[in-house]
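Quick one: sequence and predicted model below, then my questions.
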Amino acid sequence: MALSRSRPLVVAMLAAAPVLVAGPATADAGEPRAYQAVLRPLNGQRASGSVTLELDGRTATVVESYSGLAGRIDGRPYPHLQHIRGGARGECPAPSADTDGDGVVSATEGEPAYGPIRTTLSVRGETTPAAGTDLEIAPRGAGLDYQRVIDLDDATLEALRDGTAVVVVHGLDPSRISEKARGAAGDLVPSLPLSTTAPALCGVLEPMAAGGAATGAGPATGAGPRALGAGLLALAGLALAVAARRRTP
């Protein structure tokens, strides 16, 4: 009689436990959803900065700040072209990339390290590679506090996934480069001086580790159902044992 009375409880426990155990083992890890880069100076500049990029599907929220770049040129605010590049080695170029000996690594001399333009980080309007040399939509001045929500194309998303995405900010202080380089034409836009189009800051976009509450939330979400399912199975076993003992004369 004891076993018969306990059977509904045991059956209910055993029926519920597999459903919970079969739940997801962890929260959806997926691909990295946030990236960061530390911007370091190139070509003798004295500047620094940082970039974070958070993804929601293909929509990216880009937050960037830097300081110490050239502030004015010809009496006007200095435009600093900037891009996410990718598809190459995923590196910032070394001084040895200066193959023509003018003391400056130009945009194209640096391309084997950081790759072609994938996304233009403009202050407004287009963000395509075709907009990469449009000075009218480039940020201006020695420092920047930038935030923009943009859609990334497949090439940029692939560069993020394969670890080759690099943020490059262009525009050198002419007083900090050689006389030969000051008189040279730019390679991105021949009508502009080399100092305007050569890279000044560079940083590789790397996945950010989940932090704070998000770090703890992932394992807890997955472990909870497993632990609860195991507990129910243990209780069911205990109920069976108790019922069997009661049945024993």
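It's in.

Can I get stretch 48-64 as PDB, trimmed to CA atoms?
C-alpha atoms of stretch 48-64 as PDB (Å, rounded to 0.1, in the frame of the first residue of the first chain):
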ATOM      1  CA  SER A  48      46.400  57.700 -28.100                       C
ATOM      2  CA  GLY A  49      42.900  56.400 -27.900                       C
ATOM      3  CA  SER A  50      40.500  53.500 -27.700                       C
ATOM      4  CA  VAL A  51      37.600  52.000 -29.500                       C
ATOM      5  CA  THR A  52      34.800  49.600 -28.400                       C
ATOM      6  CA  LEU A  53      32.300  48.000 -30.800                       C
ATOM      7  CA  GLU A  54      29.200  46.200 -29.700                       C
ATOM      8  CA  LEU A  55      27.300  44.000 -32.100                       C
ATOM      9  CA  ASP A  56      23.500  43.300 -32.300                       C
ATOM     10  CA  GLY A  57      23.200  41.200 -35.400                       C
ATOM     11  CA  ARG A  58      25.000  43.300 -38.000                       C
ATOM     12  CA  THR A  59      24.300  46.500 -36.200                       C
ATOM     13  CA  ALA A  60      27.300  47.900 -34.400                       C
ATOM     14  CA  THR A  61      27.500  50.600 -31.800                       C
ATOM     15  CA  VAL A  62      31.000  52.200 -32.100                       C
ATOM     16  CA  VAL A  63      32.300  54.300 -29.200                       C
ATOM     17  CA  GLU A  64      35.700  55.900 -29.800                       C
END
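
how about it: buried residues?
Residues 48-49, 51-55, 60, 62, 64 are the ones in stretch 48-64 that count as buried (16 or more other C-beta atoms under 10 Å). The C-beta positions use only the backbone N, C-alpha and C, and glycine is treated the same way.

Kindly report the same for stretch 173-183.
So, applying 16+ other C-beta under 10 Å, buried residues of stretch 173-183: 173-174, 176-177, 181-182.

before we move on, back to that, farthest-separated two in the buried residues of stretch 48-64?
Farthest pair in these (C-beta to C-beta) is Ser48 and Leu55. Separation: 24.7 Å.

what about this protein, any weak spots by pLDDT?
Scanning the chain for pLDDT under 70 picks out 1-30, 211-249.

how does it divide into domains?
2-28+216-247, 34-207 (automatic domain parsing).

any idea how far Ser96 is from Thr197?
Separation of Ser96 from Thr197 (C-beta to C-beta, to the nearest Å): 20 Å.

likewise Arg89?
For Arg89, the distance to Thr197 - C-beta to C-beta - is 21 Å.

more crowded one of these two?
Comparing Arg89 with Thr197 by other C-beta atoms under 10 Å, the one with more neighbours is Thr197, at 22 against 14.
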